[in-house]
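In: Have a look at this prediction, sequence included:
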Amino acid sequence: MTDRTLTDRTLTEPEQTADWFRPALLIVTAITLLRWLLLAFDRTDLYVDESQYWLWGQEFAFGYYSKPPLIGWLIGAVTTLAGSDSPFWVRMPGAFLHGATALILGAWAARLYGARAAVLTAATYATVPFTALGSLLISTDTVMAPFFAAALYAHHRLAETRAPKFALWAGAAIGAAFMAKYAAIYFLIGVALAALRPQGRIGWRNAALLLLAFLVVISGNLIWNISHQFTTLSHTVDNVGWVRQDNPLAALNFASAAEFVLSQFAVAGPVIFAATLIAIRKLPIQAAFVIPPLLVVTVQALLGTAQANWAVAAYFAGIPLAIGLLQNRPRWLTASFAVNAVFCITLPLLTIFTWVQWQGAPLIERQLGRAAMSRQIIAIAHAQGNPPILADNRSVLADLFYTGQAEGVTIYAPRPKGRAQNHYEQRYPLPADLTGPLLWITKTAPACATATYALDATGGAYRKSGYVAYLVPAACANAQQ
């Protein structure tokens, strides 16, 4: 086949792929090693979510408050093997996981469009903006990525061969992806949509095997959710927001939907996102895995709000599709890699040269000052005889647990009023029978405060927060819960 087009015919004509792996591996390895080198000089604090994932990793469980457990397991394993809980080791898996994803997608692209497209796909995935950012931070998207990619490849082989082993492979892989982030469910939607075309059908028996393998892998998390009043599911519904509204159509937010769509040009890069949209117009089988995440999250943005990264699952299939369109358009490929290079170089440099400012504040202010604030709070606690610390903000709590891990401090969150609003309220609520002094980190001065301690938040995430440390009797704090 000399003219590669985005047709279903590519699904049934796999080509020789032996020539693509070595150059792709060299490119991806070089990028990954460079990212690790730059990460070693990263001067940013762990973000609130990263600190929370680290805390999860200190205790093995089949589920946690807001996410499935795989990210906690991964961080716990890596930091234990490394013998260090430093930000480098917490974040280190990110670059590796994205590198692995790039090679898996390269293998899929090789079967779809040939060796050249495979190398371009691996290089593109390894350098798109969301991968560049995901290699600096550890997130559930990053942990989900290689397993989602493996499921896509296995589904393709399953559609080609109808071999049951690929059904089990696809089910197990997407089960692992689901254990990282529930957005992996888009894959199952894609399988159903792909089956609307003869080339995408896998047979009822294989569909059952795929689903069985999926359920076996996620069974631990299902049981955990059942035994914990579906905590994680409830949090996911809270994120959707409009599900709990009486009339979600009453206030459609077209500006939010437009903002989300425009944000995708930054998430995947302008060339790749545009090429993905063009590529899915003819509805190739792979579009079944691209359209659901983009459509669902756009609707979510229309009905409320949506984060730019919520549709990342679309690009695991979208990038190979985009490369299938662009591989013979060198000018567009050059433009795409040039844009990607800007992100890949600029983002890690900003984490090193944190003094770079915009409008009088550090450009990456949200990533700074968290550990410094925690150290101030801990120092005040030590100076006052080490009373327990109460903080009513999730971000403050997250870093207090991380930074204060070896400081001998006791940390509490407010007691939940009804359903717990975060992991800390769920696991570390203020005991109702606590006595003695308590160091309370809050914005509003308690009437019963016996001492006040200013907190310096200059040049960091809490610069405008207004948090102050107050020494109060525990009974007084409990009375206000």
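Out: Received the coordinates, thanks. Residues are numbered from 1 along each chain as shown.
In: Look up how far Ala24 lies from the closest residue in space to Ala61 that isn't next to it in sequence.
Out: The shortest distance from Ala61 to any non-neighbouring residue, by CB to CB, 6 or more residues apart in numbering, is to Pro69 (6.0 Å). For every residue, glycine as well, the C-beta is placed using N, CA and C. Distance, Pro69 to Ala24, by CB to CB, to the nearest Å: 31 Å.
In: Now do the same for Trp355: its pLDDT.
Out: Model confidence at Trp355, given as pLDDT, is 87.
In: Check the secondary structure at it for me.
Out: Here Trp355 is coil, with the state taken from DSSP: H, G, I helix; E, B strand; the rest coil.
In: How about the contacts made by it?
Out: Residues near Trp355 by CB atoms under 8 Å, 6 or more residues apart in numbering: Pro362.
In: Check Asp399 too.
Out: Asp45, Leu46, Val48, Ser51, Arg370, Ala371, Met373, Ser374.
In: got a list of what the last one touches?
Out: Spelled out, that is Ser374. Val396, Asp399, Leu400, Tyr402, Thr403, Gly404.
In: which phi and psi does the first one have?
Out: The reference is to Val396. Dihedral pair for Val396: phi -60, psi -40, per degrees, to the nearest 10.
In: what separates the spatially closest residue to it that is not a sequence neighbour from His423, distance-wise?
Out: Using CB to CB, 6+ apart and skipping residues adjacent in sequence, the residue nearest Val396 is Ile441, 5.7 Å away. For Ile441, the distance to His423 (CB to CB) stands at 17 Å.
In: ok, these two, which is more surrounded?
Out: Using other CB atoms under 10 Å, the more surrounded residue of Ile441 and His423 is Ile441, with 25 against 22.
In: Using PDB, list the CA coordinates for the host helix or strand of the more buried one.
Out: Counting by DSSP states H and E, the element that carries Ile441 is strand 437-442. C-alpha atoms of strand 437-442 as PDB (Å, rounded to 0.1, in the frame of the first residue of the first chain):
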ATOM      1  CA  PRO A 437      -3.200  23.400  73.400                       C
ATOM      2  CA  LEU A 438      -3.700  23.200  69.600                       C
ATOM      3  CA  LEU A 439      -1.900  25.100  66.900                       C
ATOM      4  CA  TRP A 440      -4.600  26.100  64.400                       C
ATOM      5  CA  ILE A 441      -3.700  27.300  60.900                       C
ATOM      6  CA  THR A 442      -6.600  29.300  59.600                       C
END
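In: Just list the residues touching Pro293, thanks.
Out: Ala183, Tyr186, Trp310, Ala311, Val312, Ala313, Ala314.
In: and which of those residues is nearest Asp456?
Out: Distance to Asp456, by CB to CB, is smallest for Trp310 among the contacts of Pro293, at 35.3 Å.
In: hang on, isn't that closest one packed against Ala183?
Out: Yes: look at Trp310 against Ala183 with CB atoms under 8 Å: they come within range, at 7.3 Å.
In: can you confirm Arg375 is in a helix?
Out: Yes: Arg375: assigned to a helix according to three-state DSSP.
In: related to what we said a few turns ago, might you specify the subset of the contacts of Asp399 located within helices?
Out: Among those, the residues falling in helices (DSSP state H) are Val48, Ser51, Arg370, Ala371, Met373, Ser374.
In: what's the first-to-last distance across stretch 34-51?
Out: Start-to-end span of stretch 34-51 (CA to CA, to the nearest Å) is 24 Å.
In: returning to that earlier point: for the strand holding Ile441, name the packing helices and strands.
Out: With contacts taken as 3 or more CB pairs under 8 Å, 6 or more residues apart in numbering; DSSP states H and E, strand 437-442 sits against helix 370-383, strand 389-391, strand 468-473, helix 474-479.
In: just for the chain, where's the confidence low?
Out: Confidence mapping of the chain against pLDDT under 70 gives the ranges 1-18, 233, 235-250.
In: how is it carved up into domains?
Out: Domain assignment for the chain by automatic domain parsing gives 8-352, 367-479.
In: Out of those, indicate the one that is most buried.
Out: Mean neighbours per residue, mean count of other CB atoms under 10 Å, is largest over these for domain 8-352, with a mean of 20.
In: so how far is that domain from its chain's centroid?
Out: Remark: domain 8-352 is offset 9 Å from the chain centroid, using CA atoms, centre = their mean, to the nearest Å.
In: Check what contacts stretch 464-479 and list those residues.
Out: By CB under 8 Å, 6+ apart, the surrounding residues in contact with stretch 464-479 are 373, 376-377, 380, 384, 387-388, 390, 393, 396, 430, 432, 434-443, 445-455, 457.
In: Let me see the contact set for Gly404.
Out: Per CB under 8 Å, 6+ apart, neighbours of Gly404: Ser374, Ile378, Ile389, Ile411.
In: any residues touching the strand or helix carrying Asn225, and which ones?
Out: Secondary structure from DSSP H and E places Asn225 in helix 204-227. Outside of helix 204-227, the residues within contact range by CB under 8 Å, 6+ apart are 61-63, 68-69, 158, 162, 164, 166-172, 174-176, 178-179, 188, 191, 195, 202, 231-233.
In: Among the domains of the chain, which comes closest to Gln359?
Out: Judging the domains of the chain by CB to CB, what sits closest to Gln359 is domain 367-479, at 11.9 Å.
In: Could you count how many residues lie near Trp358?
Out: With other CB under 10 Å as criterion, Trp358 counts 9.
In: can you pull out the strands in the chain?
Out: 357-358, 361-362, 389-391, 411-412, 437-442, 451-453, 468-473 (DSSP state E).
In: okay if I get the ones you listed as TSV plus distance to Pro292?
Out: Conversion of the strands of the chain to TSV gives the following (distance: least, CB to CB, whole Å):
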stretch	distance to Pro292
strand 357-358	37
strand 361-362	38
strand 389-391	39
strand 411-412	40
strand 437-442	42
strand 451-453	51
strand 468-473	47
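In: Ok, which of those comes nearest Leu81?
Out: It is, among those and with distance given as CB to CB, strand 411-412, at 26.5 Å.
In: Each with direction, which strands does the closest one pair with?
Out: strand 389-391 (parallel) (DSSP bridges).
In: Now find how far off-centre the partner strand is within its chain.
Out: With CA atoms, centre = their mean, you get 28 Å for strand 389-391.
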